[in-house]
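Engineer: heads up, no residue letters with this:
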């Protein structure tokens, strides 16, 4: 049912300010004449108020997580109530009727299964590489040591230039600048940058850069703490980064279990005061038992552990994201034509045409020539026409665009490619069907597939379509309004 009055705004009679009423209690105590009638009837009919309080705060509708999958080693219906969420291809999808927090209390795990187009780009790039070079890359075992592999060196060199359009997780201007500042030269740097470039931990990026470059001494808060945590944090130059590191610090410094460390992360992250207070005492006492002065342990909890628990990034997640980032960087640095062509094809298929324009500019910046658009040569996909090979006199790579363009439907594009070549406008009008209409011609003209001025094209095309049969009977030929169909 449609909700009405979920949030009520009224004016405070004393201050004149607008106040928001979200609950029955808010309405009953509000200093506003607008609530007088409601209070009168609630006092007159207290049973209504009593029943209303029972249902206040209950869920009115169910929501389904876009990618949340619950995993169990026994049938879920034995643990939690289920319901039909949606019908997918005639097969009903099931969802639990409990929130994920309740499911976690039962020992179940919710996985977020994300779909990213980057994986499709990788697969397409690998296909093109094998097709063009005969090399079958094993992306699960790419070289990552720049001192042992020229391909790895080229990849890290590119990270340090900040030219990272198309590189997973590193495309935003801020992220590109951060990669330059950090001077990425190892896989762990990619993990750290992805983990730190978020609100909160972002303020630690300058420290990471300065400590990595030797401009600032690596610090572990206090000498009595350093002996316990150095082995854990030295990979990030003492900068708190990963949740797993916090769990290990709780274990090595305070004698807690890894599970207790995870409880601290969850408690601090969700601001559960009782969990924070309880675990602070346990943590501080554990530190004292390991030779840390109580005052230092207190400070370490407040200035290091609590902020860390708030923003610490999952290390396994960081590693997976970083490796996907490295794969895309590796492909772009070592197989630029195949990578950019694959990316252009994937984004074209997704109809992300603004993104296609961005990738086209990036290709040109990389020294790849994007050939002129030609109605008789451009197919449904972008394709590599030639690759740079200076030894054989080829000084520039060339990629031919797809016929797809902004404003042109998929059906029209397929019809144009299917029925070509077109030597005259009569052939174009005759061979293409109704999918290719006025809007299609506007799109093609704006994308520079035709040399003829758009006004002339639009004025004459429909006339040619209408008169085509008559002209054929009379044996007349139309004027070449397109000038040329490209060459």
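Structural biologist: Done, it's in. Quick caveat: nothing in here was measured; it's all calculated off a predicted structure. Numbers count the residues shown, from 1 in each chain.

Engineer: Now do the helices in the stretch 201-350 of the chain.
Structural biologist: Ranges of helices within the stretch 201-350 of the chain are 205-213, 223-233, 243-254, 258-269, 273-289, 294-300, 306-311, 315-334, 336-349, based on DSSP state H, counting those that start in this stretch.

Engineer: now, of these, which is deepest in the fold?
Structural biologist: Between those, helix 336-349 has the highest mean count of neighbours, a mean of 24, where neighbours are mean count of other CB atoms under 10 Å. For the C-beta atoms, the positions are set from N, CA and C on the backbone; glycine is no exception.

Engineer: could you give the angle of that one to helix 315-334?
Structural biologist: Orientation of helix 336-349 against helix 315-334 (axes from the mean of the first three to the mean of the last three CA atoms, to 10 degrees) gives an angle of 120 degrees.

Engineer: Who are the packing partners of helix 336-349?
Structural biologist: Packing contacts for helix 336-349, counted by 3 or more CB pairs under 8 Å, 6 or more residues apart in numbering; DSSP states H and E, involve helix 117-133, helix 315-334, helix 353-365, strand 368-370, strand 383-386, strand 397-400.

Engineer: rerun at 7 Å
Structural biologist: Under the contact criterion of 3 or more CB pairs under 7 Å, 6 or more residues apart in numbering; DSSP states H and E, helix 336-349 touches helix 117-133, helix 353-365, strand 368-370, strand 383-386, strand 397-400.

Engineer: could you give the mean pLDDT of it?
Structural biologist: Average pLDDT, helix 336-349: 97.

Engineer: just the angle between it and helix 353-365, please?
Structural biologist: 170 degrees.

Engineer: ok so, going back, can you lay out the helices of the stretch 201-350 of the chain as CSV showing distance to residue 361?
Structural biologist: CSV is the format used below for those (distance: least, CB to CB, whole Å):
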stretch, distance to residue 361
helix 205-213, 28
helix 223-233, 41
helix 243-254, 38
helix 258-269, 40
helix 273-289, 50
helix 294-300, 49
helix 306-311, 35
helix 315-334, 15
helix 336-349, 11
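
Engineer: I'd like to know which of these is closest to residue 50.
Structural biologist: Among those, helix 273-289 comes nearest to residue 50, with 30.4 Å by CB to CB.

Engineer: still on that earlier bit, could the helices and strands packed on helix 336-349 be laid out in JSON lines, adding mean neighbour count?
Structural biologist: Listed next are these as JSON lines, based on neighbours: other CB atoms under 10 Å:
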{"stretch": "helix 117-133", "mean neighbour count": "17"}
{"stretch": "helix 353-365", "mean neighbour count": "16"}
{"stretch": "strand 368-370", "mean neighbour count": "17"}
{"stretch": "strand 383-386", "mean neighbour count": "16"}
{"stretch": "strand 397-400", "mean neighbour count": "20"}
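
Engineer: To residue 38, which of the helices of the stretch 201-350 of the chain lies closest?
Structural biologist: Nearest of the helices of the stretch 201-350 of the chain to residue 38, taken as CB to CB: helix 273-289 at 33.7 Å.

Engineer: helices or strands next to that closest one in the packing?
Structural biologist: Applying 3+ CB pairs under 7 Å, 6+ apart, we find helix 273-289 packed against helix 243-254, helix 258-269, helix 294-300.

Engineer: what angle sits between that helix and helix 258-269?
Structural biologist: If you take the same axes, to 10 degrees, helix 273-289 sits at 130 degrees to helix 258-269.

Engineer: if we can go back for a sec, which of the helices and strands packed on helix 273-289 has the lowest average pLDDT?
Structural biologist: Mean pLDDT is lowest for helix 258-269 among the helices and strands packed on helix 273-289, at a mean of 86.

Engineer: Please list the outside residues in contact with that one.
Structural biologist: Here helix 258-269 makes contact (CB atoms under 7 Å, 6 or more residues apart in numbering) with 243, 246-247, 250-251, 275-276, 279, 306, 309-310, 312.

Engineer: what do you get for stretch 336-354?
Structural biologist: Identification of contacts with stretch 336-354 by CB under 7 Å, 6+ apart yields 117, 120-121, 124-125, 128-129, 132, 166, 331-332, 355-356, 359-360, 363, 366, 368, 381-384, 387, 397, 399, 402, 404, 406.

Engineer: Can you add distance to residue 414 and give the contacts of helix 258-269 back as JSON lines?
Structural biologist: Shown next, in JSON lines, are those (distance: CB to CB, whole Å):
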{"residue": "243", "distance to residue 414": "49"}
{"residue": "246", "distance to residue 414": "54"}
{"residue": "247", "distance to residue 414": "54"}
{"residue": "250", "distance to residue 414": "60"}
{"residue": "251", "distance to residue 414": "60"}
{"residue": "275", "distance to residue 414": "59"}
{"residue": "276", "distance to residue 414": "60"}
{"residue": "279", "distance to residue 414": "62"}
{"residue": "306", "distance to residue 414": "58"}
{"residue": "309", "distance to residue 414": "54"}
{"residue": "310", "distance to residue 414": "52"}
{"residue": "312", "distance to residue 414": "50"}
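
Engineer: which stretches of the stretch 51-200 of the chain aren't confidently modelled?
Structural biologist: Within the stretch 51-200 of the chain, the ranges that satisfy pLDDT under 70 run 87-90.

Engineer: ends of stretch 74-94, how far apart?
Structural biologist: One end of stretch 74-94 to the other measures 15 Å (CA to CA, to the nearest Å).

Engineer: With stretch 112-119 instead?
Structural biologist: Chord length of stretch 112-119, first to last residue, is 16 Å (CA to CA).

Engineer: try stretch 53-61
Structural biologist: Stretch 53-61 has an end-to-end distance of 18 Å (CA to CA).

Engineer: ok so, going back, so can I have JSON lines of the helices and strands packed on helix 273-289 showing distance to residue 94?
Structural biologist: JSON lines is the format used below for the helices and strands packed on helix 273-289 (distance: least, CB to CB, whole Å):
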{"stretch": "helix 243-254", "distance to residue 94": "31"}
{"stretch": "helix 258-269", "distance to residue 94": "27"}
{"stretch": "helix 294-300", "distance to residue 94": "46"}
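
Engineer: doesn't residue 234 make contact with residue 245?
Structural biologist: No: applying CB atoms under 7 Å as the test, residue 245 and residue 234 come out as separate, 10.6 Å apart.

Engineer: Quick one: neighbours of residue 51, just the number.
Structural biologist: By other CB atoms under 10 Å, 10 other residues sit near residue 51.
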